[in-house]
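Participant: need coordinates for the below:
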Amino acid sequence: MDTIASLFSFITWPVSWVIVQFHKLYGAVFGPDTGWAWGLSIVSLVVLIRICLVPLFVKQIKSTRNMQVLQPKMKAIQERYKSDKQRQSEEMMKLYKETGTNPLSSCLPILAQSPFFFALYHVLSAIASNKTIGVIDQPLLDSARQAHIFGAPLAAKFKDSASEVAALGASVTDVRIITAVMIVMMSASQFFTQRQLMTKNVDLTVKTPYMQQQKMLMYIFPLIFAVMGVNFPVGVLVYWLTTNVWTMGQQMYVINQNPTPGSKAQDQYLGRLLKSVTTHGEVRGRTKRNTVKRIVSKGPDRNDIERKFITGLAKLGLAAQEDGTVVKSETAAADAEAGAAQRRQQPKRQTKAKRHTAAGQQGGAKDTDSNEPGTATSLQKKAPQDDKPKPAGGKPASGSSRQAKSGQRKGPQRPKHPSKK
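Facilitator: You can find the predicted model right below:
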């Protein structure tokens, strides 16, 4: 870890300068040598970095959604050019270009803040080694070494020995309890963030391998943080816990205000929007009007959740307009009522088990009817009865009906051809 951190030593001076400026501010309130002054300086550094990364976060959200939409097309390309990897890559790049999707955009926030993370790790390692670094001179170094967060020094690690922790003026028990709690909180926040994304903000109508990958990451990322956390100083744990909490809150806001189409979050959001329109009789807020505008522009391509929202407006006698507003419309209410009446009139489709049961009951009724007395079955033949009286001598008359032989037709026979006599 020290080797990797040294690669980002070029950014340690800006990071240390920002921490010192915040330390001056908080030191005037809480005291320069307190853990609150140094701890809040690290938290403020995280907040400043994350505010600068908001545009990248917006790109990450858009890229993630585009990747979810493109998964069926990507799978079709892979199946079509299974034996030609070069053509497969070309078609993939063409698809990304046409849709304006960058697969690496989903990793941009993590990649962008990695140099600051390793630079902070480098600064705290220098403090633990009692070395000046960046703009942190000897007086600031002594002040940072005296700072403790709930009894744990900023530069202490979970794996430090008793002598190393004693040199920083603390006990091993306090350090390990505090670091263990922070590692658990850091892993839990990462798990909850990913779970929130998978359960609420994913289009449930599209089943793709991308969803399975995200589900795996939901369990892998917290495990990685738990394993790596034992090597992080307390100050770095403060940094990473703060950035995880920020990500969780930021994602929660995005899911509530701009959910993925077809997701559970969109259903909840449009439900709240419909309730707001019912109360106020109009769409309040530019963001909500933009949402209605996008739904109207989709036309017949709306998903089931969006159709339900439009139908809900129609039942209130309102019609959504292209500019995102709603107006009263008697036609919309009548159409909604007619559609509801048509759905009520349609017979309910029976399940397969019920259809089999009904067919069995009908078959049993037929068998019962066929076995009643006086009823001939299909395997029995009724002998023809001659109602005409037979002539004397017991021989039948020449024109009387006879029982046809096997293979012959009943009734009077046609005369044979002279050549066949």
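Participant: what are the buried residues along the top helix by length along the chain?
Facilitator: Ranked by residue count and defined by DSSP state H, the top helix of the chain is helix 172-200. Within helix 172-200, the residues scored as buried using 16 or more other Cβ atoms under 10 Å are 172, 174-176, 178-179, 182-183, 186-194, 196-197, 200. From N, CA and C alone the C-beta is placed, and that goes for glycine too.
Participant: same check, this time on stretch 126-136
Facilitator: Residues of stretch 126-136 classed as buried: 126-128, 133-136 (neighbour count, 16+ other Cβ under 10 Å).
Participant: report pLDDT for Thr173.
Facilitator: For Thr173, the model assigns a pLDDT of 91.
Participant: so where do the strands sit in this structure?
Facilitator: 148-149, 152-153, 318-320, 326-328 (DSSP state E).
Participant: winner for burial among these?
Facilitator: Highest mean neighbour count of these: strand 152-153, a mean of 28 (counted as mean count of other Cβ atoms under 10 Å).
Participant: quickly run through the sheet partners of that one, with directions.
Facilitator: Within its sheet, and counting by DSSP bridges, strand 152-153 is paired with strand 148-149 (antiparallel).
Participant: next one: the strand it pairs with to chain centre, how far?
Facilitator: Here strand 148-149 is found 39 Å from its chain centre; the criterion is Cα atoms, centre = their mean, to the nearest Å.
Participant: list the contacts of that strand.
Facilitator: Applying Cβ atoms under 8 Å, 6 or more residues apart in numbering, the set of residues contacting strand 148-149 from outside is 35, 39, 154, 169-170, 178, 234, 238.
Participant: pick out the most distant pair among the residues you listed.
Facilitator: Gly169 and Val238 (18.2 Å; Cβ to Cβ).
Participant: which of the two has more neighbours?
Facilitator: Neighbour count, other Cβ atoms under 10 Å: between Gly169 and Val238, Val238 has more, with 26 against 12.
Participant: picking that back up, nearest to Thr291, of the strands of the chain?
Facilitator: strand 318-320 (10.2 Å).
Participant: what's next to the closest one, contact-wise?
Facilitator: The contact list for strand 318-320 (Cβ under 8 Å, 6+ apart) reads 277, 292, 295-296, 310, 313, 326-329, 331-332.
Participant: same thing but 6 Å
Facilitator: Strand 318-320 is contacted from outside by 292, 296, 313, 326-327, 329, 332, using Cβ atoms under 6 Å, 6 or more residues apart in numbering.
Participant: over to stretch 153-168?
Facilitator: By Cβ under 6 Å, 6+ apart, the list of residues contacting stretch 153-168 from outside reads 38, 124, 127-128, 147, 170, 172, 175-176, 179, 230, 233-235.
Participant: to Lys85, which of the strands of the chain lies closest?
Facilitator: Of all the strands of the chain, the one in closest proximity to Lys85, counting by Cβ to Cβ, is strand 318-320 (46.8 Å).
Participant: tally of neighbours for the closest residue to Lys200 other than its chain neighbours?
Facilitator: If the residues on either side of it in the chain are set aside, Lys200 comes closest to Ala265, at 4.3 Å by Cβ to Cβ, 6 or more residues apart in numbering. By other Cβ under 10 Å, the residues close to Ala265 number 23.
Participant: give the contact list for Ala265.
Facilitator: Counting by Cβ under 6 Å, 6+ apart, Ala265 touches 200-201, 255, 259.
Participant: for it, give me the pLDDT.
Facilitator: Reading off the model, Ala265 has pLDDT 86.
Participant: the chain should start at 45 in everything you say after this.
Facilitator: Got it, the first residue is 45 from now on, which makes the last one we talked about Ala309.
Participant: may I see the buried residues of stretch 297-311?
Facilitator: Residues of stretch 297-311 classed as buried by neighbour count (16+ other Cβ under 10 Å): 298-299, 302-311.
Participant: JSON lines for these, including distance to Glu134?
Facilitator: Output for the buried residues of stretch 297-311, formatted as JSON lines (distance: Cβ to Cβ, whole Å):
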{"residue": "Val298", "distance to Glu134": "34"}
{"residue": "Ile299", "distance to Glu134": "35"}
{"residue": "Asn302", "distance to Glu134": "33"}
{"residue": "Pro303", "distance to Glu134": "34"}
{"residue": "Thr304", "distance to Glu134": "29"}
{"residue": "Pro305", "distance to Glu134": "29"}
{"residue": "Gly306", "distance to Glu134": "30"}
{"residue": "Ser307", "distance to Glu134": "32"}
{"residue": "Lys308", "distance to Glu134": "37"}
{"residue": "Ala309", "distance to Glu134": "36"}
{"residue": "Gln310", "distance to Glu134": "34"}
{"residue": "Asp311", "distance to Glu134": "38"}
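Participant: narrow those to those in helices?
Facilitator: The members of these that map onto helices under DSSP H are 298-299, 308-311.
Participant: correct me if wrong: Val167 contacts Trp61.
Facilitator: No - Val167 lies out of contact with Trp61 (Cβ atoms under 6 Å); the separation is 10.5 Å.
Participant: circling back to that earlier point, buried ones only from the contacts of strand 362-364, please, as a ChimeraX command.
Facilitator: To isolate the buried members of these in ChimeraX, using 16+ other Cβ under 10 Å:
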select :336,340,357,370,373,376
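Participant: quick check: which ranges of the chain have low pLDDT?
Facilitator: 45-53, 109, 112-113, 115, 147-152, 246-258, 374, 376-400, 402-465 (pLDDT under 70).
Participant: relative to Lys337, how far out is Pro99?
Facilitator: For Pro99, the distance to Lys337 (Cβ to Cβ, to the nearest Å) stands at 23 Å.
Participant: what's the answer for Ile93, then?
Facilitator: Plainly put, Ile93 is 34 Å away from Lys337 if you go by Cβ to Cβ.
Participant: neighbour count for the two, which is higher?
Facilitator: Ile93 (22 against 16).
Participant: surely that one touches Phe160?
Facilitator: Yes - using Cβ under 6 Å, Ile93 is in contact with Phe160, at 5.4 Å.
Participant: hmm, back to that, when Val167 and Trp61 are compared, which one has more neighbours?
Facilitator: Shown here are Val167 and Trp61; by other Cβ under 10 Å, Val167 has more neighbours (27 against 12).
Participant: for that one, give me its contacts.
Facilitator: 56, 60, 177.
Participant: can you lay out those residues as a markdown table showing distance to Ala363?
Facilitator: Below are the contacts of Val167 laid out as a markdown table (distance: Cβ to Cβ, whole Å):
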| residue | distance to Ala363 |
| --- | --- |
| Thr56 | 60 |
| Ser60 | 60 |
| Ile177 | 65 |
